[in-house]
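Student: need a 3D model of the sequence below.
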Amino acid sequence: METASRTEPEPIESVAGRLGLAPEELFSYGPYMAKVEPSAFDSRRDASNGKLVCVTSITPTKAGEGKTTTAIGLVDGLAHLGESAVACLREPSMGPVFGIKGGGTGGGRSRLVPTAEINLHFTGDIHAVTAATNLLAAMLEAHLLHGNELGIDPHAITLRRCLDVEDRALRSVVVGLGGRANGVPRETGFDITAASEVMAVLSVSRDLDDLRRRLERLTVGTTSDGAPVTAEALGAAGAMTALLRDALKPNLVQTLEGQPAFVHCGPFANIALGSSSLVADLLALKLAGYVVTESGFGADMGLEKFLDIMCRIGGLTPSALVVVVTARALKHHGGDPEGGVAAIERGAANLAAHLRIVREFGLGAVVAVNRFPGDTAEELAAVQRISRDLGAVDAVVDDAFERGGDGAAALAQAVVTACARATRFDYLYRLEDSIEDKLESIARRAYGAAGVTLAPQAAAQAKRFAANGLGELPICMAKTHLSLSSDPAAIGAPSGFTLPVRELRAYTGAGWLVALCGGLQTMPGLGAHPAALSVDVDVQGRIVGLH
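Tutor: Numbers count the residues shown, from 1 in each chain. Just a heads-up that it's a prediction; the model follows:
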């Protein structure tokens, strides 16, 4: 934060100008942030696309592997090589910003600016998603109270309210208490906003018309005879679209070195899609030679969803993948966080599993070894050697945190070389596969599981969704990010386990099914010492303590 505060960003119009964007294609939020108007893509629709590079990582540890830092540094590194590049990153959620994780704008000299603004309210996109979701919930409650002409079964309502705060007390609530004037009493709950279906809809909508049509299809529950009830049936889709009109426009900011970055839509790849928006990706591909996007958590989580869902919906094909790894993370997966090369070699089973996932999609990966101050030369060399032995296209030490783009230039060169390689990109499953078979494919091919077990509720939901014509939708898995399995304590590369699916949710507006695995919650909770305890404002009005 001190590094960022000492750096004077360029006017956002200058950053946009280097991408070829005209001033009239921007809607500024102060001097350093802007939204890009839809006309920017429309006028470039026939332009050729740049190369798409996706950054992922091994199974995360609580110390953090620096995936966002690496993605930002890679853009700066490509610029050092004379290449035009732009980042497409996810908007930080205030839940983890004030929780365990802290900010989501990179670190050291590989960081986005203005840092505090991006990490907090930014341009209000997440607030708009919260408002649109809760407006729909309010209109649903009003419909129930005022006659319920649609015949909605109050006990079959699936819509959940949302909030961009980690609050475990809202996971299960009762609404409508206090008498008839306050509505129909029933049990419901809150999700964190990033996990809401409205955020999912926003993430994959191409334009306002597409956004409205997806909101129309969003299912809130069923009637007493089992017929689905949509947001359009409640008359809510138009007002929701109005709330989300500006949120659909991608946000443009910059790195510390003045390189462009789109930051748009939600994080939380363990319980949501967890990637930047489709509109940001599509626009960026028209504007730059290289687009560096990031998927949340490891290759089993965000990358699998990015490739199986986002690339399928958007017609995207990655040219190269980057897998971020650290020596200390491999030691953790080797069972000895304070160990040396021997612990790294044991923990390399986790890296092997993620490189295998990449190969399951027909792709290759460059391993970025994110250097930390305590790493020895011997340890870094061991990680590079092991990565190449495991089939990585290349393995390069990344020093973007301390040196910015200059420290990422070698990684950038490796990525340019990897983008020139031929690939045979394919998905893990076919849409025409049954729901159960798609779950099995993901569990076996991505997680290394022996199979899947569906709880009675999930099995009944799968049968009902298939009967209602939803069987050919892709699957968005909700699983712990701390393990390849559903057990967060199972480090390394567990095998022979069975993946338990407890519940399925139909995101009919976004266009996929959500599978909740194990005990994962869609509303996180704050720990005993959340990052919010350190955040304050100094006498000059500057935000301090935001990590």
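Student: what's the spacing between residue 164 and residue 212?
Tutor: 23 Å (Cβ to Cβ, to the nearest Å). All C-beta atoms are positioned from the backbone trio N, CA, C, and that covers glycine.
Student: err, residue 133, not the other one
Tutor: Separation of residue 133 from residue 212 (Cβ to Cβ): 16 Å.
Student: quick check on the most centrally placed residue in the chain: phi, psi?
Tutor: The residue lying closest to the centre of the chain (Cα atoms, centre = their mean) is residue 274, at 1.5 Å. Dihedral pair for residue 274: phi 70, psi 40, per degrees, to the nearest 10.
Student: ok, and the closest non-adjacent residue to it?
Tutor: residue 296 (3.3 Å; Cβ to Cβ, 6 or more residues apart in numbering).
Student: what is the burial count for the one you found?
Tutor: By the criterion of other Cβ atoms under 10 Å, residue 296 has 28 neighbours.
Student: then residue 383?
Tutor: 27.
Student: so who does it touch?
Tutor: Neighbouring residues of residue 383 by Cβ atoms under 8 Å, 6 or more residues apart in numbering: 325, 327, 330, 344, 367, 369, 395.
Student: and the helix or strand it falls within, which residues are buried?
Tutor: Using DSSP states H and E, residue 383 falls within helix 377-389. For helix 377-389, a neighbour-count test (16 or more other Cβ atoms under 10 Å) marks 379-380, 382-384, 386-387 as buried.
Student: neighbour count winner among residue 133 and residue 212?
Tutor: Using other Cβ under 10 Å as the criterion, residue 133 and residue 212 rank with residue 133 on top: 25 against 21.
Student: wait, the residue nearest to the centre of the chain touches residue 267, no?
Tutor: Yes - with contact defined as Cβ atoms under 8 Å, residue 274 counts as touching residue 267 (6.0 Å).
Student: overlap in contacts, these two.
Tutor: With Cβ under 8 Å, 6+ apart, residue 274 and residue 267 have common neighbours 90, 296.
Student: residue ranges in this structure under the pLDDT threshold?
Tutor: 1-6 (pLDDT under 70).
Student: same thing but at 80, please
Tutor: 1-7, 63, 547 (pLDDT under 80).
Student: quick one: the strands in the stretch 401-547 of the chain?
Tutor: For the stretch 401-547 of the chain, strands defined by DSSP state E, counting those that start in this stretch occupy the ranges 451-454, 475-478, 498-507, 512-517, 536-537, 543-544.
Student: could you chop the protein up by domain?
Tutor: Segmentation of the chain into domains, based on automatic domain parsing, reads 2-123+247-419, 125-244, 435-517.
Student: indicate which one of those domains is closest to residue 532.
Tutor: Across the domains of the chain, residue 532 has its closest neighbour in domain 2-123+247-419 (3.8 Å, Cβ to Cβ).
Student: any idea how far that closest one is from the chain center?
Tutor: 11 Å (Cα atoms, centre = their mean, to the nearest Å).
Student: so is residue 153 in a helix, a strand, or just coil?
Tutor: Classification of residue 153 using DSSP: H, G, I helix; E, B strand; the rest coil returns strand.
Student: start at 848, not 1
Tutor: Shifting the count to begin at 848 puts that one at residue 1000.
Student: mind listing what it touches?
Tutor: Residue 1000 neighbours (Cβ under 8 Å, 6+ apart): 1068-1071.
Student: could you identify which of those residues has the most neighbours?
Tutor: Busiest of those [other Cβ under 10 Å] is residue 1069, holding 20 neighbours.
Student: quick check: phi and psi at it.
Tutor: phi -130, psi 160.
Student: for it, give me its contacts.
Tutor: Contacts of residue 1069 (Cβ under 8 Å, 6+ apart): 999-1000, 1003, 1075-1076.
Student: mind running it again at 7 Å?
Tutor: 1000, 1003, 1075-1076 (Cβ atoms under 7 Å, 6 or more residues apart in numbering).
Student: could you list which of those belong to strands?
Tutor: Those of those mapping onto strands are 1000, 1003, 1075-1076, per DSSP state E.
Student: with that, I have no additional questions.
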